[in-house]
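Chemist: using only what follows, build the 3D model:
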Amino acid sequence: MNEKTAVTALAALAQEARLRVFRALVGAGPEGMTPSALSAMLDIPGSTLSFHLKELVHADLVTVERESRNLHYRPALDQMNALLSYLTDHCCMGKSCAPSGSKRRTTC
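Modeler: As a prediction, the model looks like this:
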């Protein structure tokens, strides 16, 4: 990942509603969600949600696929992991900074 791509992704996530949408999609996993399910879950009006989803798609953090009459949004987990790797690439001068026996995963 390059700096410009990272800035675009971070800018997309630097808004409360978009962060909530992205976290909901990550929680749904590879199955993703429809806009109506997201709207109901997050209590975000459809037109507002559409705007935020468009921004997340533009930042390559979310993919969209038409399934018959519905759109289905999925998190781009590979892009999310690339962003996390980019942010932590030079952490602790290249040494492992995770406590031994750490149970926290850093990638999906």
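
Chemist: every contact and neighbour count from this point should use C-alpha atoms.
Modeler: Will do.

Chemist: could you pull out the strands for this protein?
Modeler: Applying DSSP state E to the chain gives strands spanning 62-67, 70-75.

Chemist: does Val26 touch Pro75 like I think?
Modeler: Yes - Val26 lies in contact with Pro75 (Cα atoms under 8 Å); the separation is 5.6 Å.

Chemist: if we can go back for a sec, just the strands of the chain: most buried one?
Modeler: Mean neighbour counts were taken over the strands of the chain using mean count of other Cα atoms under 10 Å, and the top value, a mean of 19, falls to strand 70-75.

Chemist: overlap of the contact sets of Val26 and Pro75?
Modeler: Common contact partners of Val26 and Pro75 (Cα atoms under 8 Å, 6 or more residues apart in numbering): Gly32.

Chemist: low-confidence stretches in the chain?
Modeler: Applying pLDDT under 70 to the chain flags residues 94, 96-108.

Chemist: appreciated, that's everything.
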